[in-house]
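S.K.: here's a sequence, model it:
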Amino acid sequence: MIRILRPLLRGATYTRLLHLWTPVLIVSVWLFIDMSTPWVPALFLVPLGLVPAVRMGEGVQARLLLTPGEEEPGISIAPSSSWRDRWRTVLWLELRMVLGAMAVFATVWLPILTYELAKCAWGGGPSGFPWLDRLPPDRAYALLVPLPLFALYGGVVGLGALVTACARRLLGPSAAERLADMEERTENLLERTRIARELHDSIGHALTVAVVQAGAARAAGDPEFTDRALAAVEDTGRAALEDLERVLGVLRDSERPVSVRPTLADADRLLDSARAAGATVDAEVTGPVAALPGPVSREGYRILQEALTNVLRHAGAVPVRVRVAVAGGTLALEVRNPLPAAIPGPGRGSGLRGSGLRGVRERAALLGGSARTGPDGDDWFVRVELPLG
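M.R.: Below you'll find the predicted structure:
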């Protein structure tokens, strides 16, 4: 019983009823002018529905009154963008008027019918219903009193649910709006993926350097070396905090330009960080690196960062050869290091299955480039080529 009465406790039931009543109020004004032509308001709705802005107004009303509090109501609040949307709006207006008339009948005449049946059951006088006037007063009519109330309940709840379903169907997003929404969701998903990569690259690099430095300092037992290691950890940690602040800034302010992200022009700090961790870095940079397009330079920086992090994590403090060349409309980036003596388990040592090298390949593919990783004799190499166009 409580479950049946639950819709009567919801505010949406009554806002939907108000939404149904509204067009009938306009019709009632016309009936005061000319009762012989009740079809004129319905005819007037045809040119009205063809106005693009009317669809937006109907969508706003439907969201507020039919689906209050719903985050994804499935009702568009954009103007009509095609003739199909305009005719759907016309159909919606006509249907709304019909359902509104049914709602008014249910909420006005059914309570009156309940009262008249009760009056007839208790021996009342003539009623406003002609067929009740011909019935003799009888207490048995009291059994019929609940029937109009049940019909009223069904009318209020059922018509509200019906008009909401029709609104989602006729005022729902068009194909163009659904496509635009899908593109926006895709862009948001790509942005989240990029932010996850930013965090993985910057924080992962800093933690790797810190772990390598701490282990080397403990093994060395040299106070002077320990001081240098702690200084390197401090510098790397400070740089990681700056990167973290950049990424969080993107989350806080979506309009912040991406130009604040580091580029290959800042690669010296990556090389210094790797050297501070004990690696011997032989770097060679040729070509106009400072003139690289922003997206290529930023992604190149992250690729180099991930490659160096992979070396420190899996091979340790080993000699590393870094080659960065800009020529012929292509950025070529290569990182080589000796293979470790033993590869400790899948996904480690070589990094073949690690998420970092997968991210390198994804970054390269996003810019139309290519990435190759793997053993080459006694070396492990990461080679990436990115087009500048």
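S.K.: burial count for residue 29?
M.R.: 10 (other CB atoms under 10 Å). Yep, even glycine has a C-beta here, placed from its N, CA and C like the rest.
S.K.: quick one: which helix or strand includes it?
M.R.: Counting by DSSP states H and E, the element that carries residue 29 is helix 11-33.
S.K.: list the buried residues in that helix.
M.R.: Across helix 11-33, burial judged by 16 or more other CB atoms under 10 Å covers 12, 15-17, 19-20, 23-24, 27.
S.K.: output those in TSV; the columns should cover distance to residue 280 and pLDDT.
M.R.: Output for the buried residues of helix 11-33, formatted as TSV (distance: CB to CB, whole Å; pLDDT from 0 to 100):
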residue	distance to residue 280	pLDDT
12	70	90
15	72	93
16	74	93
17	79	92
19	75	92
20	79	91
23	81	87
24	85	85
27	87	82
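S.K.: taking those residues, tell me the two that lie furthest apart.
M.R.: 12 and 27 (24.3 Å; CB to CB).
S.K.: please report phi then psi for the residue nearest to residue 338 when sequence neighbours are not counted.
M.R.: Leaving aside its chain neighbours, residue 338 sits nearest to residue 318 (5.3 Å; criterion: CB to CB, 6 or more residues apart in numbering). Dihedral pair for residue 318: phi -120, psi 160, per degrees, to the nearest 10.
S.K.: now residue 277
M.R.: Per-residue torsions, residue 277: phi -80, psi 0 (degrees, to the nearest 10).
S.K.: my guess is it contacts residue 213, does it?
M.R.: Yes: counting by CB atoms under 8 Å, residue 213 is a contact partner of residue 277 at 5.6 Å.
S.K.: find residues that contact each of those two.
M.R.: residue 232 (CB atoms under 8 Å, 6 or more residues apart in numbering).
S.K.: can you show me the CA trace of the helix holding residue 29 as CSV?
M.R.: Presented in CSV, the C-alpha positions along helix 11-33 are these (Å, rounded to 0.1, in the frame of the first residue of the first chain):
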residue,chain,number,x,y,z
GLY,A,11,7.3,16.6,-5.8
ALA,A,12,7.7,15.7,-9.4
THR,A,13,4.2,14.3,-9.5
TYR,A,14,2.8,17.8,-8.8
THR,A,15,5.2,19.7,-11.0
ARG,A,16,4.3,17.4,-13.9
LEU,A,17,0.6,18.2,-13.2
LEU,A,18,1.4,21.9,-13.2
HIS,A,19,3.1,21.4,-16.6
LEU,A,20,0.0,19.7,-17.9
TRP,A,21,-2.3,22.4,-16.7
THR,A,22,-0.4,25.3,-18.3
PRO,A,23,-1.4,25.0,-22.0
VAL,A,24,-5.1,24.5,-21.0
LEU,A,25,-5.1,27.8,-19.2
ILE,A,26,-4.3,29.5,-22.5
VAL,A,27,-7.1,27.6,-24.2
SER,A,28,-9.5,28.6,-21.5
VAL,A,29,-8.7,32.3,-22.2
TRP,A,30,-9.6,31.7,-25.9
LEU,A,31,-12.8,30.0,-24.9
PHE,A,32,-13.9,33.2,-23.1
ILE,A,33,-13.4,35.0,-26.4
